[in-house]
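Visitor: the sequence and its predicted three-dimensional model are supplied below.
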Amino acid sequence: MHIKKITASVFAVTFTLGLITVNFFNHFYAEKALHKDAEQLLYQFHDAMLEAHDILENLPDPDTFQCSEEDVKKLAMLAFEHPAVRLVGVLHGQEQHCASENVHIDLSNYHQRTLNPDKHVLKDQLSLATVTHSDEHLDLLMVRSHENSRYFASINPFMVNYLTEFACMNCLEYDFVIQGLPNLEFKSKRIKQPSYIEYTASRMESDVKVTLNLRGTKAFYIYYQELSWFSTVAFSFVLATLLALFAFKLLTIRQSMDRIIKDAIKFKEFTPFYQPIIDSKSNEVVGVEMLARWVHKDGAVVPAYQFIPFSEDTGLIVDITEQLIKKMAKDIKTLKWDQSDKFVSINIVPDHFKDNALYELLESLMNHYEIAPSTISLEITERMKIDNLPHARACLDDFYKKGIDLKLDDAGTGYGGFSYIQELGISTLKIDKMFVDTINSDDLKSSVLDAIISFAKSSNLKMIAEGVEHQHQVEYLKERDVFMIQGYIYAKPMPIAQLQKWLQERD
Ligand code: C2E
Ligand code: CA
Ligand code: CA
């Protein structure tokens with residue numbers, strides 16, 4: 001049930017986030033598309049202007065122009081050959097004298113704003129005319145001939161409506177602004193729809209700035225929304241499903257791991273292995289560290305790293321430790337160490353400070369098996385955070401009063417460091433393998449090893465070097481008064497029967 005709830009939440013969150021993200025990218029893409037169109041339109045406009053110039057510059061002297069049928073054909077031919085040019089004609093005063101098409105241009109509605117000829121390249125050739133063409137008002141952008149302004153060409157740069165690519169007619173509208181001195185504006189007055197995206201593209205043509213305002217209208221936007229709706233939902237759904245499945249898988253693995261470990265606890269499969277700690281001066285075994293192993297019914301041994309981190313995460317380590325300690329008490333008896341000066345170290349975690357179950361267990365076992373408390377030692381790692389140090393200290397004081405001491409494991413590798421040593425009443429530092437490995441290397445950490453050793457000495461802390469594998473490491477440590485050695489150089493962790501044999505062989 002719990003897993004299902006979490007999986008459903010993962011799905012819901014991912015799905016929502018997916019919708020938001022994809023939607024954002026769709027809008028981004030829509031704007032990009034508009035940007036591209038605006039650019040295209042600007043280029044088309046520019047090309048249309050050039051075409052118109054080209055025509056006007058090559059027309060004969062207007063005075064020789066007769067407006068004969070042949071002349072009109074010529075104009076029509078020119079307009080036909082230049083797709084961006086709509087009309088080509090010649091004016092006579094305010095009158096349209098002759099044009100490529102048989103239309104009447106009502107020049108009473110003609111607004112002319114001529115660009116300042118000195119200020120820019122386009123000179124006086126561009127003007128806006130509102131003309132009437134069979135009852136319809138049209139805005140024409142006229143290019144006038146440079147010489148005498150009598151020839152004109154109306155350009156229609158947007159005749160190629162490639163915007164139909166978007167599969168919606170009239171879904172894009174545009175304003176056209178040519179800014180120079182003075183400004184000439186060309187605006188379609190027929191745009192009535194509210195705009196949703198506005199994009200302005202500008203290109204400088206010498207002193208003349210051509211600006212195009214392109215708007216995505218409602219139709220454009222709705223089209224885009226509909227287009228993106230399906231892909232957005234589909235993408236988010238797939239993403240959310242995949243993540244939810246992944247979460248479900250992970251959670252079930254965790255849950256089954258939890259169940260398997262609980263079963264292993266029930267069937268008492270956790271077994272202590274022991275790794276000897278030797279005094280390199282006397283070559284005597286001073287104690288052992290108890291290390292957890294999971295021994296399956298078939299005898300297969302699971303190493304600590306495969307179940308300890310999970311067990312520590314979930315708190316199952318407390319039950320595992322309890323099981324190990326019970327077996328350990330018997331083993332101490334087997335070794336006849338119950339009244340000796342040797343010790344067995346137990347790895348504990350901050351969870352053990354939650355109540356005094358560990359203390360009570362050890363006390364009852366020591367009473368039952370008549371084990372001297374000095375035989376028992378605790379190890380806590382510097383890598384794990386203890387939230388309430390004074391409380392931990394109060395718990396530990398019960399052990400200290402009995403005569404059970406505490407060693408700091410993995411010294412120098414965690415964040416507990418100095419505060420743990422100050423506040424927890426540590427008796428011994430266990431120098432981590434990481435530092436032992438640096439002996440005789442130019443690794444920077446080798447200076448840390450020396451620093452840890454001198455710190456321990458000045459603080460009157462005992463030391464155990466862990467992970468010692470080579471004789472030269474033993475010698476190096478010995479020179480610096482670190483005599484207690486735990487490592488493969490002497491022995492690996494082993495089950496009680498093997499330890500017993502190993503100890504006998506040393507005698
Ligand atoms: P640790 O407490 O630092 O234990 C020392 C580890 O170093 C052991 O690994 C030991 O086998 C290994 N070791 C010792 N000497 C050498 C050496 O010369 N070379 C190499 N390569 N390794 C060496 P192990 O038994 O696999 O345990 C790993 C860790 O799992 C322990 O590190 C400890 O943090 C945790 N652990 C093991 N048993 C328990 C337990 O009962 N309770 C808790 N809370 N943690 C445990
Ligand atoms: Ca340890
Ligand atoms: Ca360690």
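Guide: Ah, there it is. Ligands and ions are numbered 1, 2, ... in the order given.
Visitor: chain center to stretch 259-279, what's the gap?
Guide: The chain centre lies 40 Å from the centre of stretch 259-279; the measure is Cα atoms, centre = their mean, to the nearest Å.
Visitor: and it, what's its mean pLDDT?
Guide: Averaging pLDDT along stretch 259-279 yields 97.
Visitor: name the residues of it that are buried.
Guide: Judged by neighbour count using 16 or more other Cβ atoms under 10 Å, the buried positions of stretch 259-279 are 261, 264-265, 269-278. Just so you know, the C-beta spots here come from the backbone N, C-alpha and C atoms, and that holds for glycine as well.
Visitor: would you map the helices across this structure?
Guide: In the chain, the helices defined using DSSP state H lie at 2-57, 69-81, 218-266, 308-314, 317-335, 357-369, 389-402, 417-424, 433-436, 445-458, 471-479, 496-506.
Visitor: give me every residue in the stretch 201-350 of the chain lying close to ligand 1.
Guide: 275, 291-292, 303-305, 308, 317, 321, 324, 347, 349 (Cβ under 6 Å from any ligand atom).
Visitor: the chain now?
Guide: 275, 291-292, 303-305, 308, 317, 321, 324, 347, 349, 381, 409-410, 433, 466-469, 486-488, 493.
Visitor: which among these end up buried?
Guide: Buried among the residues of the chain next to ligand 1 (16+ other Cβ under 10 Å): 275, 291-292, 308, 317, 321, 324, 347, 349, 381, 409-410, 433, 466-468, 486-487, 493.
Visitor: list the contacts of the residue lying closest to Ile277 once chain neighbours are set aside.
Guide: Using Cβ to Cβ, 6 or more residues apart in numbering and skipping residues adjacent in sequence, the residue nearest Ile277 is Gln486, 4.5 Å away. Taking Cβ atoms under 8 Å, 6 or more residues apart in numbering as the criterion, Gln486 is in contact with 275-278, 289, 430, 464-468.
Visitor: which ones among those residues come in contact with ligand 3?
Guide: Glu466 (Cβ under 5 Å from the ion).
Visitor: nearest to ligand 2, of the contacts of Gln486?
Guide: Nearest to ligand 2 among those is Glu289, at 5.6 Å by Cβ to the ion.
Visitor: how near is the residue lying closest to that closest one once chain neighbours are set aside to Lys4?
Guide: In this structure, Glu289 finds its nearest non-sequential neighbour in Ser345, 4.3 Å apart by Cβ to Cβ, 6+ apart. Relative to Lys4, Ser345 is positioned 43 Å away (Cβ to Cβ, to the nearest Å).
Visitor: looking at those two, which one has more neighbours?
Guide: Ser345 (25 against 10; other Cβ atoms under 10 Å).
Visitor: re earlier: is it correct that the residue nearest to Glu289 is in contact with Ile380?
Guide: No. Between Ser345 and Ile380 there is no contact under Cβ atoms under 8 Å: 10.5 Å.
Visitor: Phe237: how many residues sit nearby?
Guide: That count, for Phe237 with other Cβ under 10 Å as the rule, works out to 15.
Visitor: distance of it from ligand 1?
Guide: 43 Å (Cβ to the nearest ligand atom, to the nearest Å).
Visitor: could you do Lys354 as well?
Guide: For Lys354 relative to ligand 1 (Cβ to the nearest ligand atom), the value is 14 Å.
Visitor: tally of neighbours for that residue?
Guide: 12.
Visitor: next one: it from Leu406, what distance?
Guide: Applying Cβ to Cβ to Lys354 and Leu406 gives a distance of 17 Å.
Visitor: same question for Pro62.
Guide: 110 Å.
Visitor: which pLDDT value belongs to the residue nearest to Ile277?
Guide: 98.
Visitor: partner residues bridging it?
Guide: Glu466 (DSSP bridges).
Visitor: looking at the residues of the stretch 201-350 of the chain next to ligand 1, which is nearest ligand 2?
Guide: Asn347 (4.7 Å).
Visitor: if I pick the residue nearest to that closest one when sequence neighbours are not counted, what's in contact with it?
Guide: Once flanking residues are discounted, Asn347 sits nearest to Glu379: 5.0 Å by Cβ to Cβ, 6+ apart. Contact analysis of Glu379 by Cβ under 8 Å, 6+ apart lists 289, 345-348, 406-409, 430.
Visitor: measure Asp63 to Ala99 for me?
Guide: From Asp63 over to Ala99 (counting by Cβ to Cβ), the distance is 18 Å.
Visitor: more neighbours: these two, which one.
Guide: Between Asp63 and Ala99, Ala99 has the larger neighbour count (other Cβ under 10 Å), namely 21 against 8.
Visitor: picking up where we left off before, now flag whichever of the contacts of Gln486 is closest to ligand 1.
Guide: Set against ligand 1, the nearest of the contacts of Gln486 by Cβ to the nearest ligand atom is Gly467 (4.1 Å).
Visitor: so who does that closest one touch?
Guide: Counted by Cβ under 8 Å, 6+ apart, Gly467 has contacts 432-434, 436-437, 486-488.
Visitor: mind checking how far Cys395 is from ligand 3?
Guide: Look at Cys395 and ligand 3: by Cβ to the ion, to the nearest Å, they are 22 Å apart.
Visitor: and for Ala264?
Guide: For Ala264, the distance to ligand 3 - Cβ to the ion - is 24 Å.
Visitor: what sits closest to that residue if chain neighbours are left out?
Guide: Trp294 (5.9 Å).
Visitor: and for that neighbour, the neighbour number?
Guide: Trp294, neighbours per other Cβ under 10 Å, totals 21.
Visitor: quick one: it and Glu269 touch, right?
Guide: Yes. The criterion here is Cβ under 8 Å, and Trp294 meets it with Glu269 at 5.7 Å.
Visitor: quick one: end-to-end distance for stretch 62-71.
Guide: 11 Å (Cα to Cα, to the nearest Å).
Visitor: would you pull up how far that stretch lies from the middle of the chain?
Guide: The mean C-alpha position of stretch 62-71 is separated from the chain mean by 73 Å, Cα atoms, centre = their mean.
Visitor: what's the answer for stretch 8-28, then?
Guide: With Cα atoms, centre = their mean, you get 15 Å for stretch 8-28.
Visitor: what does that stretch rub up against?
Guide: 224, 228, 231-233, 235-237, 239-241, 243-244, 247.
Visitor: now the residues you listed as a markdown table including distance to Leu91 and pLDDT?
Guide: Formatted as a markdown table, the contacts of stretch 8-28 follow (distance: Cβ to Cβ, whole Å; pLDDT from 0 to 100):
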| residue | distance to Leu91 | pLDDT |
| --- | --- | --- |
| Tyr224 | 45 | 59 |
| Ser228 | 50 | 65 |
| Ser231 | 54 | 76 |
| Thr232 | 55 | 78 |
| Val233 | 59 | 85 |
| Phe235 | 59 | 85 |
| Ser236 | 61 | 88 |
| Phe237 | 64 | 92 |
| Leu239 | 65 | 90 |
| Ala240 | 67 | 92 |
| Thr241 | 70 | 93 |
| Leu243 | 71 | 92 |
| Ala244 | 73 | 92 |
| Ala247 | 77 | 91 |
